[in-house]
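Novice: Dropping a prediction and its sequence here:
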Amino acid sequence: VRAYFKSKYNPLNLPPNTVRVRTNDGNVPYKSIGSFAEYDTATLVPGTSDVYDVYKSGTSFWHLMDECNNVTEVLGANTAGITNMQFMFADCTSLTSVAMFDTTSATDMNSMFFECSALTTVPLFDIPNVTDMSDMFYYCTSLATVPLFDTSNVTRMNSMFHSCSSLAAVPLFNTSRVTDMKSMFFGCSLLSAVPLFNTSSVTDMANMLDGCSSLNTIPLFNTSSAPNMSYMCHGCVNVTSGALALYQQASTHVSTSSKHAATFRDCGSDTVTGAAELAQIPSDWK
């Protein structure tokens, strides 16, 4: 039996291109006709009744276990050299926890945990080469916290936390190269604060904070490169400050009405100071 190098990324000594998972019914990770799952084989681990080693050849784990909704845990993996992790666990609606695994070669995590509605936390993945995190945690409605990932090379964060309704706070990610933040926090109704991200390269902020009904302050983001801010702060009803200052800055850059339609609609409407700021913002911005 070949021995595989044990590392912090592969403490179970799994063979290459293998992910070990637990299922909630003892059956193989769900893969039926019409399923998006793209794995090659799933083998029951000896001595267990519900743990499987899932294997896929190549360097892409695109749609590896998409729609395998009987998977509850990722126990470990040997993913050294895997570059594409798009939709890797998408629609695994019973997935609650994920072990650390090697993501150092990954460049694309688009929709990696798309609609993993039972997922509560994720490890601090090492992602120095990732450029795309769009939709990564889309509709992860139980996700309560996220680590401070190295996002220094990321360019896309659109819809990254869309509808993460249990998320209360986010770290100050390095967003110096990010160009797209459209709908990044759409529907994050528990989020009370957002850091002052570097948005100097962001061109699209539409719906970025739309529906963040617990948000208290709108940061003074740099909007110099953002021609699209429509519905950006729509529905942020508990904001007490920041909307007016953001309007005053953005109005010098964003002149097309279709690009700032409803940017501040109802922003601060449930607070005294927020409503006072909202009243000073022109109607075509709200």
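Specialist: Structure's in. What do you need? Numbers count the residues shown, from 1 in each chain.

Novice: CA atoms for contacts and neighbours, from now on please.
Specialist: OK.

Novice: Distance of residue 281 relative to residue 274?
Specialist: Relative to residue 274, residue 281 is positioned 11 Å away (C-alpha to C-alpha, to the nearest Å).

Novice: Correction: the previous question concerned residue 199.
Specialist: For residue 199, the distance to residue 274 - C-alpha to C-alpha - is 23 Å.

Novice: Where does residue 72 sit: helix, strand or coil?
Specialist: strand (DSSP: H, G, I helix; E, B strand; the rest coil).

Novice: need the contact list for the nearest residue to residue 18 once chain neighbours are set aside.
Specialist: Closest residue to residue 18 apart from its sequence neighbours, by C-alpha to C-alpha, 6 or more residues apart in numbering: residue 55 at 4.6 Å. Each residue near residue 55 by C-alpha atoms under 8 Å, 6 or more residues apart in numbering is listed here: 17-19, 39-42.

Novice: Let's have the residues you listed in CSV, adding secondary structure and distance to residue 238.
Specialist: Below are those laid out as CSV (DSSP: H, G, I helix; E, B strand; the rest coil; distance: C-alpha to C-alpha, whole Å):
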residue, secondary structure, distance to residue 238
17, coil, 47
18, strand, 47
19, strand, 43
39, coil, 45
40, coil, 49
41, strand, 50
42, strand, 49
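
Novice: Out of the residues you listed, which end up buried?
Specialist: Among the contacts of residue 55, those classed as buried by neighbour count (16 or more other C-alpha atoms under 10 Å) are 17-19, 39, 42.

Novice: for the stretch 101-250 of the chain, what spans make up the helices?
Specialist: 243-250 (DSSP state H, counting those that start in this stretch).

Novice: so residue 275 is in which element?
Specialist: Assigned by DSSP states H and E, residue 275 belongs to helix 272-279.

Novice: tell me the mean pLDDT over that helix?
Specialist: Per-residue pLDDT over helix 272-279 has a mean of 98.

Novice: by contact count, what packs against that helix?
Specialist: If you count contacts as 3 or more C-alpha pairs under 8 Å, 6 or more residues apart in numbering; DSSP states H and E, helix 272-279 packs onto helix 243-250.

Novice: Now do the buried residues in the helix it packs on.
Specialist: Result for helix 243-250 [16+ other C-alpha under 10 Å]: buried residues 243-244, 246-247, 250.

Novice: which helices and strands sit right next to that helix?
Specialist: Against helix 243-250 (3+ C-alpha pairs under 8 Å, 6+ apart) you get helix 272-279.

Novice: Pretty sure residue 221 sits against residue 195.
Specialist: No: counting by C-alpha atoms under 8 Å, residue 195 is not a contact partner of residue 221; they are 9.5 Å apart.

Novice: Please say which of the two ends up with more neighbours.
Specialist: Comparing residue 221 with residue 195 by other C-alpha atoms under 10 Å, the one with more neighbours is residue 221, at 18 against 15.

Novice: Report the contact partners of the more buried one.
Specialist: 196-199, 246.

Novice: which of those residues count as buried?
Specialist: 197-199, 246.

Novice: so what's residue 167 up against?
Specialist: 141-145, 188, 190-191.

Novice: check contacts around the residue nearest to it when sequence neighbours are not counted.
Specialist: Spatial nearest neighbour of residue 167, chain neighbours left out: residue 144 (4.4 Å); criterion: C-alpha to C-alpha, 6+ apart. By C-alpha under 8 Å, 6+ apart, the contact list for residue 144 reads 120-121, 166-168.

Novice: Per-residue pLDDT of residue 3, please?
Specialist: Confidence for residue 3, expressed as pLDDT, is 44.

Novice: try residue 137
Specialist: 98.

Novice: That one contacts residue 157, correct?
Specialist: No: using C-alpha under 8 Å, residue 137 makes no contact with residue 157, being 10.3 Å away.
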